[in-house]
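Engineer: Need the 3D shape of this:
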Amino acid sequence: MATLLHIDSSVFPGEASSSRAVTAAFRKAWEERHPEGTVIYRDLAADPVPHITADAWSAGFTAPSERTPEQSAAFAARVKLIEELERADAILIGAPMYNYTIPSPLKAWLDSVLLPGRTTGETPSAQGTPVVVVASRGGSYAPGTPREGYEFVRNYLEAVLGGSLGLDLDFIVPELTMAPRNPAMSELVPLYEASRKRAFEDATTKAKELADRLAA
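Structural biologist: Numbers count the residues shown, from 1 in each chain. Now for the predicted structure:
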């Protein structure tokens, strides 16, 4: 039985969040295809993990017998998140763009699970695990667009998830999500609708393919 680690980070609930709506579609298709599987769910907006502290960081470079009680407690919280990552056969992350980059609760999670000598380094402990990132955004930052240079979600996550953690990374990108709510973007509504439709189709297809591959 495969285990899916599902992480949401949007501050908006349910259908009010494009990333949550698409990750929910992915998870629904996954569970329908692999009902005997396990899902570990973390809502980083509703239940945020602590931002990294000096104790949590330094404990990773200190022998267990030499850690202070504060370091031991902070490191135990990191290990719990790391073990969830390592246990997962597949990972699903909702990563909306806020001010050109990822939400701070998602950054806090990444800071906790990036541990040199274990999850990063020559042989990352979760290396090769497939991860699908739903990177929604209010505008478009695709190559050739005026704001191409402001894209700090995909390029950052490619470096961290793919480069440091060694995960097998794939993206679904619902864009122009502000078009229905911003009169200045009204002409872009058809492009938004096409992007949203494609995102849901991709989520369903990728979930089924991944579930089938892991169940084989």
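Engineer: can you pull the contacts of the residue nearest to the spatial centre of the chain?
Structural biologist: With distances taken as Cα atoms, centre = their mean, the residue of the chain nearest its centroid is I93 (2.5 Å). By Cβ atoms under 8 Å, 6 or more residues apart in numbering, the contact list for I93 reads 7, 9, 23, 106, 131-134. No exception for glycine: its C-beta is placed from N, CA and C like everyone else's.
Engineer: In this structure, where's the longest helix?
Structural biologist: helix 189-215 (DSSP state H).
Engineer: Let me know the average pLDDT across that one.
Structural biologist: Helix 189-215 shows an average pLDDT of 95 in the prediction.
Engineer: who does that helix touch, helix- and strand-wise?
Structural biologist: helix 18-33, strand 130-134, strand 168-172 (3 or more Cβ pairs under 8 Å, 6 or more residues apart in numbering; DSSP states H and E).
Engineer: Burial check on I82, number of neighbours?
Structural biologist: Neighbour count for I82, taken as other Cβ atoms under 10 Å: 19.
Engineer: Hmm, it is touching P116, no?
Structural biologist: No - using Cβ atoms under 8 Å, I82 is not in contact with P116; the gap is 11.9 Å.
Engineer: Tell me where this protein is predicted with low confidence.
Structural biologist: Under the criterion pLDDT under 70, no range of the chain is flagged.
Engineer: Next up, the contacts around the residue nearest to L161 when sequence neighbours are not counted.
Structural biologist: Leaving out its chain neighbours, the residue that sits closest to L161 by Cβ to Cβ, 6 or more residues apart in numbering is L167, at 4.8 Å. Applying Cβ under 8 Å, 6+ apart to L167 gives the contacts 91, 126-131, 161.
Engineer: hey, where'd the helices end up in this structure?
Structural biologist: 18-33, 54-59, 69-87, 104-113, 154-157, 189-215.
Engineer: Tabulate those (JSON lines), appending distance to E122.
Structural biologist: Shown next, in JSON lines, are those (distance: least, Cβ to Cβ, whole Å):
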{"stretch": "helix 18-33", "distance to E122": "31"}
{"stretch": "helix 54-59", "distance to E122": "21"}
{"stretch": "helix 69-87", "distance to E122": "16"}
{"stretch": "helix 104-113", "distance to E122": "17"}
{"stretch": "helix 154-157", "distance to E122": "21"}
{"stretch": "helix 189-215", "distance to E122": "26"}
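Engineer: Mind checking those for the one nearest to P183?
Structural biologist: Among these, helix 189-215 comes nearest to P183, with 10.5 Å by Cβ to Cβ.
Engineer: in the closest one, what counts as buried?
Structural biologist: 192, 195-196, 199-200, 202-204, 206-208, 210-211, 214 (16 or more other Cβ atoms under 10 Å).
Engineer: Tell me the bridge partners for D8.
Structural biologist: Beta-bridge partners recorded for D8 (DSSP bridges): D43.
Engineer: wait, F12 sits on R20?
Structural biologist: Yes - F12 sits in contact with R20 when judged by Cβ under 8 Å, with a separation of 7.2 Å.
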